[in-house]
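[1] here's my sequence, what's the structure:
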Amino acid sequence: MSSVDLVCRSFAKVALVGLLTGLCGCAVLNEGAGLPASGPESFSINGGRSDTSLKYGLIKLTPEVISILHEFEPKGYAQLGLYQLPGAFTDRRGPSNIVFGIGDVVSVTIFEAAAGGLFIPSEAGVRPGNFVQLPNESVDNDGNISVPYAGTIHAAGRTNVDIQNDIVAKIRNRAIEPQVVVALATQNTSLVSVLGDVTTSIRYPAAAAGALDRITDAITRAGGLKNQGYSEFVMVDRKGMRAVVPFARLVYEPENNIYVQPGDRIYVYQEQQKFLAFGATGTQGQVTFDSWRLSLAEAVAKAGGVLDVQGEPGSIFLYRPEPREVAERLGIDLTPFEGWRVIPVIFSTSFRDPGGYFLAANLNMRHDDVLYVADAQAVEVTKFLQYLNVMMSTATNGVNTVNDAFIMRQTIHNGWK
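    The predicted structure is shown next:
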């Protein structure tokens, strides 16, 4: 074979491989698959494209949207569906009266108006007063105590005033103008427990109604928090019902600093509020708040900002679930979300717009929010050209290897002639 034929064959191979590579590359680029990417393209999000059956609402940040979110923010959120969001204490009853329970030790003192009655003999002699102190007695398993001449008195679930009136009613016709004082000598029920991330875990008797003990007071009794308040959550277990709020809500929203009720179990634990950062940010992955509150603008900064060689500052997206009533106020079409309690929402803003920074600075992040910064469109072109360059280099190297092998074969063959 002549050298001209060899060059023509090589050129044809390179052209063929290059053409195939270009066609494949264009197909890959048009389909949006095959090339490395940090997440969905901005036009896919804005166009509502999704390869799954999960729909979402897309909302552009405006002053009106910020106002609606602020309106609903103080209410907090309970556990909704699969999403666990910072909550609020909704059981905001006033302080409760202390009632007696099985195992409590009760003190009963009976007064009479004069000696010679049922409990104070006429020859009383030297006495501290016209009263008799009965031995302390525990509330039995049936919830009762026993009082001489009054018989069995039901005590469990009743206040001291209820018990006093019951005893007086039963001895009124036998004692001289009796009066009774019932007190809790040892409180073994109606206790409050504080444990977890506090200085000293304690279990203490619930305060009387006038003491006005609140959640922060109970935590103070336990020596206060071990760590920074912004990283602490408080769970209250009340009669089998549980609610969780960040400690910050007790400070910034006093209505959440509810009264302690007898039997409450207060558990304090550390869980940094965090958000997830993806896309063209300086840092991807889990990022902690490290503060009481964090705005969207601060979150972008904590994630390393928008990469100037990759990111599109006009495509800042915040993923979060919103309660149905909030989504409705935001103007989202709820038809595709029939029966859903929470609606997936993507908020978008532009840092190309100078006003976008002000909007982002007024939107508070929430625990487990997802921040995503889309790649610039030019980045996709650059990736394709790099991909094409690698393919062409690989094809050229392959052709060169074939040619070298052919030339070596021809040389060896000619040497045998």
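[2] show me what contacts residue 272?
    Each residue near residue 272 by Cβ atoms under 8 Å, 6 or more residues apart in numbering is listed here: 231, 288, 289, 290. C-betas here are computed from N, CA, C, even on glycine.
[3] rerun that using 10 Å as the cut-off
    227, 228, 230, 231, 232, 233, 286, 287, 288, 289, 290, 367 (Cβ atoms under 10 Å, 6 or more residues apart in numbering).
[4] show me the domain layout of this structure.
    1-34, 42-82+273-378, 105-186, 191-270 (automatic domain parsing).
[5] turn the contacts of residue 272 into TSV, including distance to residue 201, secondary structure and neighbour count.
    Below are the contacts of residue 272 laid out as TSV (distance: Cβ to Cβ, whole Å; DSSP: H, G, I helix; E, B strand; the rest coil; neighbours: other Cβ atoms under 10 Å):
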residue	distance to residue 201	secondary structure	neighbour count
227	15	coil	13
228	19	coil	13
230	22	helix	18
231	19	helix	21
232	15	strand	22
233	16	strand	22
286	30	strand	11
287	32	strand	20
288	26	strand	13
289	26	coil	21
290	26	coil	13
367	25	coil	16
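[6] and of those, the nearest to residue 301?
    residue 287 (10.3 Å; Cβ to Cβ).
[7] before we move on, back to that, for the domains of the chain, which one sits closest to residue 92?
    Between the domains of the chain, domain 191-270 lies closest to residue 92; by Cβ to Cβ that is 5.2 Å.
[8] export the contacts of residue 272 to CSV and append columns for distance to residue 346.
    Below are the contacts of residue 272 laid out as CSV (distance: Cβ to Cβ, whole Å):
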residue, distance to residue 346
227, 34
228, 32
230, 27
231, 28
232, 30
233, 27
286, 20
287, 19
288, 23
289, 21
290, 25
367, 18
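[9] and the domains of the chain, which one's lowest on average pLDDT?
    Among these, domain 1-34 carries the lowest mean pLDDT, a mean of 48.
[10] for residue 95, find the nearest of the domains of the chain.
    Residue 95 sits nearest to domain 191-270 of all those, at 4.6 Å, using Cβ to Cβ.
[11] hmm, back to that, redo the domains of the chain as JSON lines? Include distance to residue 98.
    Formatted as JSON lines, the domains of the chain follow (distance: least, Cβ to Cβ, whole Å):
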{"stretch": "domain 1-34", "distance to residue 98": "67"}
{"stretch": "domain 42-82+273-378", "distance to residue 98": "29"}
{"stretch": "domain 105-186", "distance to residue 98": "7"}
{"stretch": "domain 191-270", "distance to residue 98": "6"}
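[12] for residue 393, which of those domains is the nearest?
    With respect to residue 393, and counting by Cβ to Cβ, the nearest of the domains of the chain is domain 1-34 at 10.2 Å.
[13] sheet partners, orientation included, of the biggest strand by length in the chain?
    In the chain, taking DSSP state E as the definition, the longest strand is strand 311-323. According to DSSP bridges, strand 311-323 forms sheet pairs with strand 342-349 (antiparallel), strand 369-375 (antiparallel).
[14] so which elements touch the next helix or strand after the longest one?
    Counting by DSSP states H and E, the element after strand 342-349 in chain order, helix or strand, is helix 354-361. Helices and strands touching helix 354-361, by 3 or more Cβ pairs under 10 Å, 6 or more residues apart in numbering; DSSP states H and E, are helix 63-72, helix 296-302, strand 311-323, strand 342-349.
[15] helix or strand right after the host helix or strand of residue 169?
    Using DSSP H and E, residue 169 maps to helix 160-171. Next helix or strand after helix 160-171 toward the C-terminus (DSSP H and E): strand 179-186.
[16] show me what that following strand is packed against.
    strand 105-111, strand 131-133, strand 137-138, strand 144-147, helix 160-171.
[17] of the ones you listed, which is nearest residue 341?
    Nearest of the helices and strands packed on strand 179-186 (Cβ to Cβ): helix 160-171, 43.0 Å.
[18] can you redo the helices and strands packed on strand 179-186 as a markdown table with distance to residue 355 and mean neighbour count?
    Output for these, formatted as a markdown table (distance: least, Cβ to Cβ, whole Å; neighbours: other Cβ atoms under 10 Å):
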| stretch | distance to residue 355 | mean neighbour count |
| --- | --- | --- |
| strand 105-111 | 68 | 20 |
| strand 131-133 | 77 | 15 |
| strand 137-138 | 70 | 16 |
| strand 144-147 | 72 | 18 |
| helix 160-171 | 63 | 17 |
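[19] closest to residue 118 out of those?
    helix 160-171 (6.4 Å).
[20] thinking again about what came up before, tilt between the longest strand of the chain and helix 63-72?
    Here the directions of strand 311-323 and helix 63-72 differ by 40 degrees (axes from the mean of the first three to the mean of the last three Cα atoms, to 10 degrees).
[21] hey, C-alpha coordinates of the helix or strand just after strand 311-323 in PDB?
    Heading C-terminal from strand 311-323, the first helix or strand you meet, by DSSP H and E, is helix 324-329. Extracted in PDB, the C-alpha atoms of helix 324-329 (Å, rounded to 0.1, in the frame of the first residue of the first chain):
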ATOM      1  CA  ARG A 324     -51.200  23.500  52.700                       C
ATOM      2  CA  GLU A 325     -52.700  26.800  54.100                       C
ATOM      3  CA  VAL A 326     -49.400  28.600  53.400                       C
ATOM      4  CA  ALA A 327     -49.100  27.200  49.900                       C
ATOM      5  CA  GLU A 328     -52.700  28.400  49.200                       C
ATOM      6  CA  ARG A 329     -51.900  31.900  50.400                       C
END
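[22] before we move on, the earlier item: deepest of the strands paired with strand 311-323, which one?
    Most buried of those, by mean neighbour count (mean count of other Cβ atoms under 10 Å): strand 369-375, with a mean of 23.
[23] tell me the secondary structure for residue 251?
    helix (DSSP: H, G, I helix; E, B strand; the rest coil).
[24] OK, contacts around residue 339?
    residue 324.
[25] same deal with the one 5 residues further on?
    Contact criterion Cβ under 10 Å, 6+ apart gives 50, 54-58, 83, 319-322, 327, 332, 337 as the residues in contact with residue 344.
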